[in-house]
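*Asks:* fold the following.
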Amino acid sequence: MASFLSFGAAVLSKRLGLCSCRAALSSSNVCSALRMFSLERGSVTPPKRPMSAYLRYVVEQHRVLLRQAPDLKIVEKTKKIAQAWRHLTPEQKQPYEIAANEGKLKYKEEVATFKANHTPTELAIFKEEKRKKLTRRRIMRQKRKLTMLGKPKRSRTAFNIFMSEHFDEAKGSTVQAKLKNLQDEWHRLPESQKKMYTQLAEDDKIRYQNEIKSWEEQMIEAGHEDLVRMKQKGRTSAKRAVSKVIPTKAKTSKPSTTSNPAKSVKSKKKAEE
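*Replies:* This is a model prediction of the structure:
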């Protein structure tokens with residue numbers, strides 16, 4: 001199977017216009033080629049984890065509520081379903097739990113079959129793709145949360161302000177072409193005209209600093225310390241750590257005269273003479 005995959009990777013390398021089969025089959029090129037080849041095969045998706053008993057009940061009741069109360073909000077539907085689940089008897093929950101256990105057994109069999117039918121390289125690719133997908137989801141959730149909590153927009157650079165003002169009238173049929181033309185136009189712009197955008201960027205930076213400071217204070221009061229800028233938290237923690245490590249300056253002690261008896265005797269003799 002590995003040789004077959006290598007052949008598929010080589011075919012893909014030719015299709016993508018890569019330099020040679022050796023280049024396509026080296027390190028990262030192998031991973032990308034295998035990933036694309038696996039996508040074309042259509043059997044690359046690892047088995048999905050089975051739903052729990054509660055999730056099966058949620059899906060079922062969500063469909064019921066969608067017919068009975070289509071205007072009901074998702075949050076209200078979720079609360080209503082959760083309350084109904086808590087009031088179910090063990091006998092009423094039993095069918096969902098049986099289905100969940102059967103799903104677990106089926107999932108274990110599918111995982112074993114999936115691992116047997118794929119090489120370690122492919123499994124590593126699937127694992128990395130899953131990690132990236134979870135990271136993207138976590139970042140998107142964090143962004144949505146910050147947007148809902150009204151986090152101020154970051155300050156813009158001088159070029160960003162210039163680009164937003166002239167983007168519609170820029171030459172080019174695509175976004176990339178317009179950006180390229182705007183960059184060239186920005187480089188040709190006289191320094192006297194650039195100063196205006198630089199000043200606007202400085203004003204926007206001050207605006208952002210004031211707004212983010214006020215917003216972070218509100219977040220701390222509301223119990224969202226995790227949303228405060230990590231840089232600021234890192235600086236304060238570093239300062240505390242340094243203050244703990246570095247001791248306070250001790251008083252400079254005068255060198256003891258008794259440390260060298262011979263020198264003290266000579267100095268006494270000179271004084272007597």
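
*Asks:* for the record, mean pLDDT for the one helix or strand Asp203 maps to?
*Replies:* If you go by DSSP states H and E, Asp203 is part of helix 191-221. Helix 191-221 shows a mean pLDDT of 91.

*Asks:* same question, stretch 175-184
*Replies:* For stretch 175-184, the per-residue pLDDT averages 90.

*Asks:* quick one: buried residues of that stretch?
*Replies:* 178, 182 (16 or more other Cβ atoms under 10 Å). Yep, even glycine has a C-beta here, placed from its N, CA and C like the rest.

*Asks:* with stretch 58-66 instead?
*Replies:* So stretch 58-66, judged by 16+ other Cβ under 10 Å, has buried residues 58, 61, 65.

*Asks:* per-residue pLDDT, the second one?
*Replies:* By that I understand Gln61. We have a pLDDT of 90 for Gln61.

*Asks:* helices or strands next to the helix or strand containing it in the packing?
*Replies:* Secondary structure assignment for Gln61, by DSSP H and E: helix 53-68. Other helices and strands packing on helix 53-68, by 3 or more Cβ pairs under 8 Å, 6 or more residues apart in numbering; DSSP states H and E, are helix 74-86, helix 90-116.

*Asks:* so for Ser214, which of the ones you listed sits nearest?
*Replies:* With Cβ to Cβ as the criterion, Ser214 lies closest to helix 74-86 of those, at 28.6 Å.

*Asks:* how big is the angle separating the closest one from helix 53-68?
*Replies:* 120 degrees (axes from the mean of the first three to the mean of the last three Cα atoms, to 10 degrees).

*Asks:* find the nearest non-adjacent residue to Gln209, please.
*Replies:* Ser155 (7.9 Å; Cβ to Cβ, 6 or more residues apart in numbering).

*Asks:* tell me, how many residues neighbour that neighbour?
*Replies:* With neighbours defined by other Cβ atoms under 10 Å, the count for Ser155 comes to 18.

*Asks:* need phi/psi at it.
*Replies:* In terms of degrees, to the nearest 10, the main-chain angles of Ser155 are phi -70, psi 150.

*Asks:* what about Met51, which SS state?
*Replies:* The local conformation at Met51, judged by DSSP: H, G, I helix; E, B strand; the rest coil, is coil.

*Asks:* with Asp168 instead?
*Replies:* coil.

*Asks:* repeat that for the one 5 residues further on.
*Replies:* For Ser173, the reduced secondary structure class is coil; criterion used: three-state DSSP.

*Asks:* what's the local residue count around it?
*Replies:* 7.

*Asks:* for this structure, which spans come out with low pLDDT?
*Replies:* Within the chain, the segments meeting pLDDT under 70 span 1-44, 229-273.

*Asks:* what residues of the helix or strand where Ile139 lies count as buried?
*Replies:* If you go by DSSP H and E, Ile139 is part of helix 120-148. Across helix 120-148, burial judged by 16+ other Cβ under 10 Å covers 122, 125-126.

*Asks:* then stretch 155-164?
*Replies:* If you call a residue buried by 16+ other Cβ under 10 Å, then stretch 155-164 has these buried ones: 155-156, 158-159, 161-163.

*Asks:* output the residues you listed in JSON lines; the columns should cover distance to Ala116.
*Replies:* What follows is the buried residues of stretch 155-164, written out as JSON lines (distance: Cβ to Cβ, whole Å):
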{"residue": "Ser155", "distance to Ala116": "54"}
{"residue": "Arg156", "distance to Ala116": "54"}
{"residue": "Ala158", "distance to Ala116": "58"}
{"residue": "Phe159", "distance to Ala116": "54"}
{"residue": "Ile161", "distance to Ala116": "58"}
{"residue": "Phe162", "distance to Ala116": "58"}
{"residue": "Met163", "distance to Ala116": "53"}
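
*Asks:* among the residues you listed, name the ones in helices.
*Replies:* Judged by DSSP state H, the buried residues of stretch 155-164 include 158-159, 161-163 as members of helices.

*Asks:* could I get those residues as JSON lines with distance to Met140?
*Replies:* Converted to JSON lines, these look like this (distance: Cβ to Cβ, whole Å):
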{"residue": "Ala158", "distance to Met140": "29"}
{"residue": "Phe159", "distance to Met140": "27"}
{"residue": "Ile161", "distance to Met140": "27"}
{"residue": "Phe162", "distance to Met140": "30"}
{"residue": "Met163", "distance to Met140": "25"}
